[in-house]
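Peer 1: Sequence isn't available, so here's the structure alone:
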């Protein structure tokens, strides 16, 4: 009986954890989180890191004219909410050999907020509409 209850409680906790990571992010909070990214990235132009305009639906490592690490240039995925979440959590584990020197964002809520902001900014920003 105790074992069955323990399994049920564990399953419930896993469901709650899974649900909390699938909650839509808040773009307003994500804008503040993106400030951390601006040391290397911009929306409309390449810096140390590639530009973010057109990010969603773009193959990783494919911004024309940007000098990617061999690991990122050979990555075989497309940027979407799921791949961004995985990469932002731990860039080095997601793309071993990437030169992105950022350790990642451990907090799932912060990642969701940043992804929500990126989705909005990279499609609605006047800077991105020109590019």
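Peer 2: In hand now; what should we look at? None of the values given here were measured: they were computed from a predicted structure.

Peer 1: quick one: contacts for residue 69?
Peer 2: Residues near residue 69 by CB atoms under 8 Å, 6 or more residues apart in numbering: 97-99. C-beta coordinates here come from the backbone N, C-alpha and C atoms, glycine included.

Peer 1: now, among those residues, which is nearest to residue 118?
Peer 2: Of all these, residue 118 sits closest to residue 98, with 17.8 Å by CB to CB.

Peer 1: Let's have the contacts of residue 69 in a markdown table, adding secondary structure.
Peer 2: Shown next, in a markdown table, are those (DSSP: H, G, I helix; E, B strand; the rest coil):
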| residue | secondary structure |
| --- | --- |
| 97 | coil |
| 98 | coil |
| 99 | coil |
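
Peer 1: got the contact list for the residue positioned nearest the centre of the chain?
Peer 2: The centre of the chain sits closest to residue 84, judged by CA atoms, centre = their mean, with a distance of 2.8 Å. By CB under 8 Å, 6+ apart, the contact set of residue 84 is 55, 111, 115, 118.
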